[in-house]
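A.B. asks: Coordinates for the following, if possible.
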Amino acid sequence: MQRPTGVTVLAVLAFCGAGLMVIFALISLLGGAVVSTLAPSRMGSIAGVGVAVLGVFLLIVAAVNVVIGVGLLKLKNWARILTIIFCALALLSAVLSILNPFHIHVFFLFFLIRRLVFAAIYAWILWYLFQPNVKQAFGATGF
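C.D. replies: This is a model prediction of the structure:
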């Protein structure tokens with residue numbers, strides 16, 4: 001069966017996300033090295049190590065995005081399931097951040113609109129991945 005266009009778009013977005021994560025990881029690793037080198041105190045060294053650990057975590061997230069993107073392009077059902085799980089977690093996070101009463105500040109409306117848009121995108125991706133033709137393309141019979 002031919003790969004649905006939406007699945008290709010999701011795979012490309014996964015690759016773009018991986019590229020951004022690699023850029024942020026390199027910036028974090030470089031920043032961590034600079035902070036730990038230039039900071040005269042022990043706290044500077046600890047902060048530098050913390051930022052470097054963040055960079056390594058971002059590299060791991062980038063690798064996961066690449067694996068998911070390749071899996072989506074090859075129509076592997078595990079990639080669809082991982083995408084569903086990560087989108088559901090992101091949707092839950094977006095909804096909880098919308099309902100958070102402690103986010104009242106000057107830019108509240110801007111951030112509220114941003115969160116609503118992201119929640120709608122995650123909901124659309126979840127809806128799309130459960131469509132019968134998409135599930136059939138992945139060879140999924142159940143979930």
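A.B. asks: Ala47 versus the most centrally placed residue in the chain, what's the distance?
C.D. replies: Nearest to the mean C-alpha position of the chain, by CA atoms, centre = their mean, lies Gly17 at 6.7 Å. Here the criterion is CB to CB, to the nearest Å. By it, Gly17 lies 27 Å from Ala47. Glycine gets a C-beta too; all of them are placed from N, C-alpha and C.
A.B. asks: which element is the residue nearest to the centre of the chain on?
C.D. replies: helix 5-38 (DSSP states H and E).
A.B. asks: Name the residues of that helix that are buried.
C.D. replies: 6-7, 10-11, 13-15, 17-18, 21-22, 24-25, 28-29, 31-32, 35-36 (16 or more other CB atoms under 10 Å).
A.B. asks: What is the helix or strand following it packed up against?
C.D. replies: Toward the C-terminus, helix 5-38 is succeeded by helix 42-73 as the next helix or strand (DSSP H and E). Judged by 3 or more CB pairs under 8 Å, 6 or more residues apart in numbering; DSSP states H and E, the packing partners of helix 42-73 are helix 5-38, helix 77-99.
A.B. asks: quick one: the helix holding Gly17 to helix 77-99, angle?
C.D. replies: Here the directions of helix 5-38 and helix 77-99 differ by 70 degrees (axes from the mean of the first three to the mean of the last three CA atoms, to 10 degrees).
A.B. asks: can you state the direction angle for helix 5-38 and helix 42-73?
C.D. replies: Going by the same axes, to 10 degrees, helix 5-38 makes 160 degrees with helix 42-73.
A.B. asks: other SSEs contacting helix 5-38?
C.D. replies: Using 3+ CB pairs under 8 Å, 6+ apart, helix 5-38 sits against helix 42-73, helix 132-138.
A.B. asks: avg pLDDT for the first one?
C.D. replies: Predicted confidence along helix 42-73 averages 90 (mean pLDDT).
A.B. asks: Quick one: mean pLDDT for stretch 115-135?
C.D. replies: 93.
A.B. asks: buried stuff in it?
C.D. replies: 115, 118-119, 122, 125, 128-129, 134-135.
A.B. asks: For Leu91, which residues are in contact?
C.D. replies: 119, 122-123, 126 (CB atoms under 8 Å, 6 or more residues apart in numbering).
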